[in-house]
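A.B. asks: I would like the atomic coordinates for the input below:
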Amino acid sequence: MAKLSREVLIKRFPWAAEVVPEVDEGEGYFYDLDPWDFSQEQFKLLEQMFEEIDNWFKQRDLPVDVVVYRVANVLDSIHVELFSNVSEVHTIVKKYKQFSRDLIE
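C.D. replies: Numbering: from 1, shown residues only. The predicted structure is shown next:
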């Protein structure tokens, strides 16, 4: 099986690519994106999470309503900052964040 990486997951789930808002100088501060520094187990959880989100929309014949701002490894757990009007998306993300915490316990 191919090694999972950011590039592999974004190719499969293009909607999961982080969006960096354009900010004019003087309007405020925005951060550079962190590299995706995850173990293969964590990448597998990200893959499963993206697949579950993708399937939720496909089952309803809807376009994916998700904007991802950041995917990072925070204290050895998956941290995803996103915007979606769909509460189920937020529930899915919370579930996989907990799964990633369970990996380190």
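
A.B. asks: C-alpha only now, for contacts and for neighbours.
C.D. replies: Fine.

A.B. asks: what does the helix or strand encompassing residue 102 contact?
C.D. replies: Element membership for residue 102 (DSSP states H and E) is helix 87-104. Applying CA atoms under 8 Å, 6 or more residues apart in numbering, the external contacts of helix 87-104 come out as 42, 45-46, 49, 52-53, 76-80, 84.

A.B. asks: Give me the mean pLDDT for it.
C.D. replies: Average pLDDT, helix 87-104: 94.

A.B. asks: got the CA positions of it in CSV?
C.D. replies: Only the C-alpha atoms of helix 87-104 are listed here, as CSV (Å, rounded to 0.1, in the frame of the first residue of the first chain):
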residue,chain,number,x,y,z
SER,A,87,-23.2,20.1,12.0
GLU,A,88,-22.5,16.5,11.1
VAL,A,89,-19.2,17.5,9.7
HIS,A,90,-18.1,19.0,13.0
THR,A,91,-19.3,15.8,14.8
ILE,A,92,-17.2,13.7,12.4
VAL,A,93,-14.1,15.9,13.0
LYS,A,94,-14.5,15.7,16.8
LYS,A,95,-14.8,12.0,16.6
TYR,A,96,-11.6,11.6,14.7
LYS,A,97,-9.7,14.0,16.9
GLN,A,98,-10.7,11.7,19.8
PHE,A,99,-9.6,8.7,17.9
SER,A,100,-6.2,10.3,17.4
ARG,A,101,-5.9,11.0,21.1
ASP,A,102,-6.8,7.4,21.8
LEU,A,103,-3.7,6.4,19.7
ILE,A,104,-1.4,7.9,22.3
